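Student: Quick one, what's the 3D model for this:
(chains A and B)
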Amino acid sequence: MTSPALALSGLTKSFDRPVVKGVDLTIAAGEFYALLGPNGAGKTTILRMVAGLLKPDAGSISIFGIDALADPIAAKRVMAWVSDEPMVYDRLTPLEYLEFVSGLWEVEPALAQKTAHELIDWLGLAPHANELCGGFSKGMLQKVALAGALVHDPKVIILDEPLTGLDAGSARQVKDVLREKVATGVTVIMTTHILEVAERMAERIGVIADGRLIAEGTLAELRTRLGRESTLEDIFLDLVAQGSQAA
Amino acid sequence: MIAAPGTLPWLARHELRLGWRDAMAAATGGKRSRAFGWLIGGGLVYALMFLIAWFAVRPAVQDGIVIDKPVLVTVTGTIFLFWTVTLSQALESVTRVYYTRSDLDLILSSPASPARLFAVRSAAVFLGTFMLSGLLISPLVISLTIQDGPHWLSAYLVLACFASLSVAIAIGTTRLLFRLAGPRRTRLLAQIVAGIVGAGFVIGIQAAAILSEGGFSRLALFQSPQLIAAAPDATSLLWMPARAAMGSVGEGIALAILGFCILLATIIFVAPSYARLASAAAGLNHIRSTRRASSTAFAPRSQRQTLRRKEWKLLQRDPWLLSQTLMQLLYMLPPALLLWVNYGSSGSTFIVIVPVLVMAAGQLAGGLAWLAISGEDAADLVTTAPIAPSTLLRAKVEAVLSIIIALLAPMIIALLFITPPMALAVAVCGGLAAASSTAIQLWFRVPGKRSQFRRRHTASRIATITEALSSILWAGTGALWAGNSIMAIGAALFALLVLGLARLLAPRKG
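Tutor: From the prediction side, this is the model:
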């Protein structure tokens, strides 16, 4: 039996108050998983713990069987993180940025160069490959960041609100790239406020409210749970309202 | 009474409120709890400045201050030295009037007059320059006023004149740079000009002192018999600022009025172009700059080499850093000149170089270390990369220290041929000063964008103070070592003590 792409158990984190309260979650390899929840529900905190940006207070994180807390470097090697604020240097060009990211992930130089050029072409960045990122629009920056996430060929891509602030064209391009990656067996875990994206793209959806995973399943399973034919928006709002009452 | 919206007083009130909050944020780092400590600490430092000034002027007051030519030369020289600093500060501030976006887009898109906004912001720059300079000279002026009489208060009139002139020149220079170099290069050029103006006069006088007197002292130059003999008579107009600063109220009022008129005329002349130039500056965010692809791109490199290469590339492309480095390099010119002029003479001539080089190494390392260690624009990216945090930090520290080595090496090599023990003192103490500043930046690191470089000192006052203290103490160690004094050990121990204290006070990373 192959290990799941991501397995969380009893994940807990507090800042000045508890933010994530014992979350258990398992995501299979090659799955497109959307994490939904109202603002401040704890989605980003969960993903930041998975990406190694925050240390959990309790619980475990396993990525393809690697204990991410015991061996973070091995876990990071198979993972990519894309946040809503593109992690790009103003004074590097997209090509220089991809060269830097490849160096960090120790990708073989010839392969890195080939992949970088392919990604730049694929994302429509070729005319800007040697321009400093400082003058780029949000959409272009997000595409550069996405190229950075893909250049080391990760097995898991974690995206936090990747479509925020993108125009329709750029959003479509990002969605197409993610779909293609899932088709090749890559696991994509994404938070989004755009419910239509989750509805159309995700195979399974998790709903987080007040630091807890309050519901999980395919769209059909969530509808069944609610007992009526509804849109994801209705389901989401009902589940969050139920979650708030339960809390 | 509330002023009508859009009028000068209304805009001034808005500006004053923002200015006050900015000043408070800069002083307290956004934490109210720090305000009390800052007030007490600042008050103590200020009291100490008063004490020093009080006892410094006492003998002169007791002997009776005579306004003769030597005194006028020294006071005029000091006024001009001080003025270059205010001019440098005004240049920085005026550049921000054009380039800082914050509420500029909102105001420029409103029916409010851009010319009025410019007038208010220029007045705010004048006020800031006047108040900061006033704060610096007050211990001296008030000590003189108490001990010798209220006529010394006319020094504030001279200050008002020179603050007005500084802002007027800064506005004119910025406007000229916009015309000659365009909005894209003006900010960087203005920063470089500010750096050169701030350091240039001091360094120029030091250079003149080295060439004529063979030493570093600026006062020695002002007091040189040749200069005094060549200077015009005590009644000359040239000495008007000095006479006004020393109690000639009439001349002080005349100077203040002249300064205000020049500032007012400059504002009236430049204000109509403000909206156009500020909009052009805003458009820079969309300008794309192309770089030629490197022939060594995608060459095999280790993770540390990759990180160092990225740091060097970013540092090299950082205009702020360029002006800062230029400033540091400018301060290294006088010692270099001293080396050149006195090449072949006895080693003791070069003792003065040692602390300057050590201090420059420490200060430069502090700035570079902040940029490399805390100023990480893609902090999430490097944290999520499969690289051990210790390797990451080591690579960044290597990137910083290698720059310091590259800058210091030519001077150390030159010194090595003249006096090897002093070269060793510079190498060891410069290395220790750079390492100490880097370590302090490491312990107190607070992740931030590189664009926050100007505000890096607000993150931690302790880091700022200990960094400066350690550089001074290592510079002292170097000087004492070069002078074969056993006291060098004491200075080194103090430097280590400061470093230990910084480590103790540094926030624990968890």
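Student: as a whole number, average confidence for whatever helix or strand B:Thr145 lives in?
Tutor: With elements taken from DSSP states H and E, the one containing B:Thr145 is helix B:114-148. Helix B:114-148 shows an average pLDDT of 91 in the prediction.
Student: quick one: the next helix or strand after that helix to helix B:114-148, angle?
Tutor: Next helix or strand after helix B:114-148 toward the C-terminus (DSSP H and E): helix B:155-213. Interaxial angle, helix B:155-213 versus helix B:114-148 (axes from the mean of the first three to the mean of the last three Cα atoms, to 10 degrees): 80 degrees.
Student: count of residues packed around A:Thr218?
Tutor: 12 (other Cβ atoms under 10 Å in any protein chain shown). C-beta coordinates here come from the backbone N, C-alpha and C atoms, glycine included.
Student: Apart from its neighbours in sequence, what residue is nearest it?
Tutor: Spatial nearest neighbour of A:Thr218, excluding adjacent residues (Cβ to Cβ, 6 or more residues apart in numbering or on different chains): A:Arg204 at 5.7 Å.
Student: Check A:Pro162 too.
Tutor: That would be A:Val82: by Cβ to Cβ, 6+ apart, it lies 5.4 Å from A:Pro162.
Student: what's the answer for A:Phe64, then?
Tutor: A:Ser3 is the one closest to A:Phe64 (Cβ to Cβ, 6+ apart), at 5.2 Å.
Student: SS state for the residue in chain A that chain B sits nearest to?
Tutor: Using Cβ to the nearest Cβ, A:Gly103 is the residue of chain A that sits closest to chain B, at 2.9 Å. Three-state assignment for A:Gly103 (DSSP: H, G, I helix; E, B strand; the rest coil): helix.
Student: hang on, the earlier thing: and the pLDDT at the residue nearest to A:Thr218?
Tutor: With respect to pLDDT, A:Arg204 has a value of 92.
Student: Helices of chain A, residue ranges please.
Tutor: Here chain A has its helices, by DSSP state H, at A:43-50, A:72-77, A:94-104, A:109-122, A:138-150, A:168-183, A:195-201, A:219-226, A:232-246.
Student: Which of the ones you listed has the lowest mean pLDDT?
Tutor: Mean pLDDT per stretch puts helix A:232-246 lowest among the helices of chain A, at a mean of 75.
Student: quick revisit: so how far is A:Ala147 from the residue nearest to A:Pro162?
Tutor: 10 Å (Cβ to Cβ, to the nearest Å).
Student: thinking again about what came up before, quick one, what contacts the residue nearest to A:Pro162?
Tutor: Each residue near A:Val82 by Cβ atoms under 8 Å, 6 or more residues apart in numbering or on different chains is listed here: A:142, A:145-146, A:149, A:157-160, A:162.
Student: if we go to 7 Å?
Tutor: A:145-146, A:149, A:157, A:159, A:162 (Cβ atoms under 7 Å, 6 or more residues apart in numbering or on different chains).
Student: How about B:Ala506?
Tutor: B:443-444.
Student: Can you pull the phi/psi pair for it?
Tutor: In terms of degrees, to the nearest 10, the main-chain angles of B:Ala506 are phi -70, psi 140.
Student: quick one: it and chain A, what's the gap?
Tutor: With the distance defined as Cβ to the nearest Cβ, to the nearest Å, B:Ala506 ends up 19 Å from chain A.
Student: Would you mind giving me the confidence score for that residue?
Tutor: In this model, B:Ala506 is scored at 83, pLDDT.
Student: Same question for B:Ala475.
Tutor: For B:Ala475, the predicted pLDDT is 90.
Student: A:Glu108 now?
Tutor: pLDDT at A:Glu108 comes out at 92.
Student: tally of neighbours for it?
Tutor: Count around A:Glu108 with other Cβ under 10 Å applied: 12.
Student: cool, and A:Glu180?
Tutor: 11.
Student: Not counting sequence-adjacent ones, nearest residue to B:Gln441?
Tutor: Nearest one to B:Gln441, counting by Cβ to Cβ, 6+ apart, is B:Ala369 at 3.8 Å.
Student: Which helix or strand contains that neighbour?
Tutor: Going by DSSP H and E, B:Ala369 is part of helix B:353-369.
Student: And the next helix or strand past that helix?
Tutor: helix B:379-384.
Student: where does whichever residue of the stretch 201-350 of chain B sits closest to chain A land on pLDDT?
Tutor: Closest residue of the stretch 201-350 of chain B to chain A, Cβ to the nearest Cβ: B:Thr306 (2.9 Å). Here, the pLDDT recorded for B:Thr306 equals 93.
Student: Confirm B:Trp312 sits in a strand?
Tutor: No. Counting by three-state DSSP, B:Trp312 falls outside a strand, being helix.
Student: Not counting sequence-adjacent ones, nearest residue to the residue of chain A closest to chain B?
Tutor: B:Thr306 (2.9 Å).
Student: who touches the helix or strand hosting that neighbour?
Tutor: Remark: B:Thr306 resides in helix B:303-316, with elements defined by DSSP H and E. Residues from elsewhere that reach helix B:303-316 (Cβ under 7 Å, 6+ apart): A:89, A:91-92, A:100, A:103-104, A:106, B:301, B:321, B:368, B:371-372, B:387, B:391-392, B:394-396, B:398-399.
Student: following the least confident helix or strand in chain B by mean pLDDT, which helix or strand comes up?
Tutor: Lowest mean confidence among the helices and strands of chain B (mean pLDDT, DSSP states H and E): helix B:218-222, at a mean of 62. Sequence-wise, the next helix or strand downstream of helix B:218-222 (DSSP H and E) is helix B:225-230.
Student: Using neighbour counts, pick out the buried residues of the next helix or strand after that following helix.
Tutor: Where DSSP H and E defines the elements, the next helix or strand beyond helix B:225-230 is helix B:240-245. Buried residues in helix B:240-245, counted by 16 or more other Cβ atoms under 10 Å in any protein chain shown: B:240-245.
Student: For helix B:240-245, name the packing helices and strands.
Tutor: Under the contact definition 3 or more Cβ pairs under 7 Å, 6 or more residues apart in numbering or on different chains; DSSP states H and E, helix B:240-245 sits against helix B:69-99, helix B:155-213, helix B:249-270.
Student: For the following helix or strand past the shortest one, list the C-alpha coordinates in CSV.
Tutor: To tie it back to what came earlier, the one meant is helix B:249-270. Using DSSP H and E, the next helix or strand after helix B:249-270 towards the C-terminus is helix B:274-282. Below are the C-alpha coordinates for helix B:274-282, written out as CSV (Å, rounded to 0.1, in the frame of the first residue of the first chain):
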residue,chain,number,x,y,z
TYR,B,274,4.6,68.5,-8.6
ALA,B,275,1.5,66.5,-9.7
ARG,B,276,3.1,65.7,-13.1
LEU,B,277,6.4,64.5,-11.5
ALA,B,278,4.8,62.6,-8.7
SER,B,279,2.6,60.8,-11.2
ALA,B,280,5.7,60.0,-13.4
ALA,B,281,7.4,58.6,-10.3
ALA,B,282,4.2,56.5,-9.6
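Student: Mind giving me the packing neighbours of helix B:274-282?
Tutor: Here helix B:274-282 touches helix B:69-99, helix B:104-108, helix B:114-148, helix B:155-213, going by 3+ Cβ pairs under 7 Å, 6+ apart.
Student: The third one: how far from the chain's middle?
Tutor: Helix B:114-148 sits 17 Å away from the centroid of its parent chain (Cα atoms, centre = their mean, to the nearest Å).
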